[in-house]
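J.: Fold the stuff below for me.
(chains A and B)
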Number of protein chains: 2
Amino acid sequence: MQKNVLIECHQRIAPFIHETPIFTSHLLNGIAGTELFFKCENFQRMGAYKMRGATNAILQLTEGQRAKGVVTHSSGNFAQALSLAAKSLGVKAYIVMPSSAPQVKKDAVKGYSGTIIECVPTLAARNAMAREIQSKTGATFIHPSNDLNVIAGQGTACMELLREQPDLDVVVVPVGGGGLIAGTALAAHHFGTHCKVVGAEPFEVDDAYRSLKSGKIESNDTTNTIADGLKTQLGDKSFPLIQKYVEGIVRVGEDEIIEAMKLVWERMKIIIEPSSAVAFAAVLRKKNRFIDKKVGIIISGGNVDLKNLPF
Amino acid sequence: MQKNVLIECHQRIAPFIHETPIFTSHLLNGIAGTELFFKCENFQRMGAYKMRGATNAILQLTEGQRAKGVVTHSSGNFAQALSLAAKSLGVKAYIVMPSSAPQVKKDAVKGYSGTIIECVPTLAARNAMAREIQSKTGATFIHPSNDLNVIAGQGTACMELLREQPDLDVVVVPVGGGGLIAGTALAAHHFGTHCKVVGAEPFEVDDAYRSLKSGKIESNDTTNTIADGLKTQLGDKSFPLIQKYVEGIVRVGEDEIIEAMKLVWERMKIIIEPSSAVAFAAVLRKKNRFIDKKVGIIISGGNVDLKNLPF
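T.: Numbering: from 1, shown residues only, chains lettered A, B, ... in the order given. Here you go, the predicted model:
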């Protein structure tokens, strides 16, 4: 993907997203032994960076396509992001969700005027249901991560970070479906002076780590992690970009994720979701790798259930 | 207090404090029916506005006084603020705390290098102990709220808010010992174009509300509120300023405080303590009073025990 694709993407979505602040903390710098720059996408509209990619994907549709709506399958932040982005642009959004999805997530999608279609909680069922919606309504399917327009949109967070801090040595991002890290890697490649990108992943769902080792897209047998945004696997659009541009993946334990999340909540006074804490946990785990460097961290989102905290 | 006292105070403390950001939220504006500007002192050093007043009070001491240290009695944010301000300025801080104070608060003071002296948990005992420290060490006593240097320092948060938003109609602040509201009222008087100040207090500790009614400083028989920073009563320095410059006090219930706190956590993704939520709860309770106005809210702090949340 060329540099101008990212520049045009950022201009296209700018009216519909927040330019989120970059936070720093002397105290956390001291703990990590690095200079940290937290790009706070928890303050993004609907509380996560996914608003960027969803907005870009819809804006790339023709008028005729927009009139027929968009469809995705997600029970997480992308469901909310596509609903809100669609609402902002006057487009109908169909969200295929497993019937087992928590009520709080269904309510959030409804709050952004998304139309929920429930299906049985299997990958096959949700793909089939999404196809059915497509053929019934003519809506365009937008994948939560494995879509180049989505990937470009997610990369704009790192573009903004590098505009403010052009000489970052490295940006650390959590890896789920790979949309964020692929977009971030493209942004770092085009807009950094020497900026590396490192992914962060729970040991419990280390499919990206194993995929980079084996050279093919691996999946997870179990998904026993608190970082519920990172359970998905890479796709054929994101994986080649990750192979080409990402330096490596650091894996972290569940206790480390919770400890990193608690540190950010207590010391920075901001609410971040467990998936976001994975990136900071990786910096704390591999101190020697990041010591004395200028390190960007994408705080991917802040959507948590306050009734179900790990502290 | 003259305008230039506040201006000089702000210049004096500026190198030692953060200029905190002002947050806005379309969603919360919609819920409140007003335009809200949250001055985020939860992002202040040590997590609360009290850093401002503590710093100003120490900076007003002579070299000779500073060499002998400072002493206060507090189990809350002022204990931490005085400890950190003293540490930043190379001054010794003695903190008289009731033996019953939670370990987490003692640890925080120790973390900022404050010297804790425990006493039995009565007002008489802590006053006696503070006097004993004064006579033993020559340290200067600094009251957490009833001190004009402290009051001026606390007023600088509102000065910064009005510099960014000069035409605010009203600023709403929580009322405990009265240092914050007295300083805010002075700042609004000198730097606002037409800015009123309204206090917010839990029904459970409505001493300031009753004091304004009766014309004398009232105390609380019980202190059964989640807003643990607001249990103290006004003093002879803060009360006259409040009488002169504050428009009124809005009282709120405990459920309203928790609901306001939850709204800010969930929607703004920032961590605020219950005492801070009292001000937003007051705006939600008295919607007609604030509707269509430009309303500043001082988010006083973000120090909470994550193991003991009200949600």
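J.: what's residue A:257 in contact with, if anything?
T.: With contact set as CB atoms under 8 Å, 6 or more residues apart in numbering or on different chains, residue A:257 has these partners: A:202, A:225-227, A:274, A:277-278, A:281. Yep, even glycine has a C-beta here, placed from its N, CA and C like the rest.
J.: same thing but at 6 Å, please
T.: A:226-227, A:274, A:277-278, A:281 (CB atoms under 6 Å, 6 or more residues apart in numbering or on different chains).
J.: Chain B next: which of these are close?
T.: Among the contacts of residue A:257, no residue sits close to chain B (CB under 6 Å from any CB of the partner chain).
J.: what does the stretch 1-150 of chain A have sitting close to chain B?
T.: A:42-43.
J.: Relative to chain B, which residue of the stretch 1-150 of chain A is the closest?
T.: residue A:42 (4.6 Å; CB to the nearest CB).
J.: Distance of that residue relative to residue A:266?
T.: 15 Å (CB to CB, to the nearest Å).
J.: Likewise for residue A:22?
T.: As judged by CB to CB, residue A:22 and residue A:266 stand 20 Å apart.
J.: that older thread, out of the contacts of residue A:257, list just those in helices.
T.: The helices, defined by DSSP state H, take in A:274, A:277-278, A:281 from the contacts of residue A:257.
J.: Dump these to TSV, plus pLDDT.
T.: Listed next are the ones in helices among the contacts of residue A:257 as TSV, based on pLDDT from 0 to 100:
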residue	pLDDT
A:274	97
A:277	98
A:278	98
A:281	98
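J.: Where do the helices of the stretch 1-150 of chain A begin and end?
T.: A:3-13, A:26-32, A:50-59, A:63-68, A:77-88, A:103-111, A:123-137, A:148-164 (DSSP state H, counting those that start in this stretch).
J.: How is chain A partitioned into domains?
T.: Domain assignment for chain A by automatic domain parsing gives A:3-48+A:147-299, A:51-141.
J.: and these, which is most packed in?
T.: Comparing the domains of chain A by mean neighbour count (mean count of other CB atoms under 10 Å in any protein chain shown), domain A:3-48+A:147-299 comes out on top with a mean of 21.
J.: Can you get me the start-to-end distance on that domain?
T.: 24 Å (CA to CA, to the nearest Å).
J.: gap between that domain and the chain center?
T.: With CA atoms, centre = their mean, to the nearest Å as the basis, domain A:3-48+A:147-299 stands 8 Å off its chain's centre.
J.: for stretch A:1-19, same thing?
T.: 16 Å.
J.: what's next to that stretch, contact-wise?
T.: So stretch A:1-19 is contacted by A:44-45, A:51-52, A:55-56, A:59, A:88, A:152-153, A:155-156, A:159-160, A:186, A:190 (CB under 6 Å, 6+ apart).
J.: Taking their axis directions, the helix or strand of chain A with the lowest mean pLDDT and helix A:77-88 sit at what angle?
T.: Every helix and strand in chain A was compared by mean pLDDT, DSSP states H and E; the lowest is helix A:103-111, with a mean of 90. Angle of helix A:103-111 versus helix A:77-88, following axes from the mean of the first three to the mean of the last three CA atoms, to 10 degrees, is 20 degrees.
J.: Remind me what helix A:103-111 packs against, helices and strands.
T.: helix A:77-88 (3 or more CB pairs under 6 Å, 6 or more residues apart in numbering or on different chains; DSSP states H and E).
J.: For the helix it packs on, enumerate the helices and strands it packs against.
T.: So helix A:77-88, by 3+ CB pairs under 6 Å, 6+ apart, packs with helix A:50-59, strand A:93-98, helix A:103-111.
J.: Residue B:246: which of the ones you listed is closest?
T.: helix A:103-111 (37.4 Å; CB to CB).
J.: Let me know the angle separating that closest one from strand A:93-98.
T.: Going by the same axes, to 10 degrees, helix A:103-111 makes 170 degrees with strand A:93-98.
J.: residues in the stretch 201-311 of chain A within reach of chain B, list them.
T.: A:265, A:269-271, A:302, A:306-307, A:311.
J.: hmm, 7 Å instead?
T.: A:262, A:265-266, A:269-271, A:302, A:306-307, A:311 (CB under 7 Å from any CB of the partner chain).
J.: Could you list which of the residues you listed belong to helices?
T.: residue A:262.
J.: For the residues of the stretch 201-311 of chain A next to chain B, work out which two are farthest apart.
T.: A:269 and A:307, at 20.3 Å, using CB to CB across those.
J.: Now do the residue nearest to residue A:37 when sequence neighbours are not counted, the pLDDT please.
T.: Residue nearest to residue A:37 in three dimensions, not counting chain neighbours: residue A:296, with 4.8 Å by CB to CB, 6 or more residues apart in numbering or on different chains. Note on residue A:296: pLDDT of 98.
J.: quick one: contacts for the closest residue in space to residue A:158 that isn't next to it in sequence?
T.: Ranked by CB to CB, 6+ apart and with sequence neighbours excluded, the top spatial neighbour of residue A:158 is residue A:187, at 3.8 Å. Residues counted as contacts of residue A:187 (CB atoms under 7 Å, 6 or more residues apart in numbering or on different chains) are A:6, A:155, A:158-159, A:162.
J.: Roughly how far does residue A:187 sit from residue A:1?
T.: 10 Å.
J.: what do you get for residue A:80?
T.: Taken as CB to CB, the span from residue A:80 to residue A:1 is 26 Å.
J.: cool, and residue A:225?
T.: Counting by CB to CB - residue A:225 and residue A:1 are separated by 30 Å.
J.: repeat for residue A:201
T.: As judged by CB to CB, residue A:201 and residue A:1 stand 23 Å apart.
J.: same check, this time on residue A:174
T.: 21 Å.
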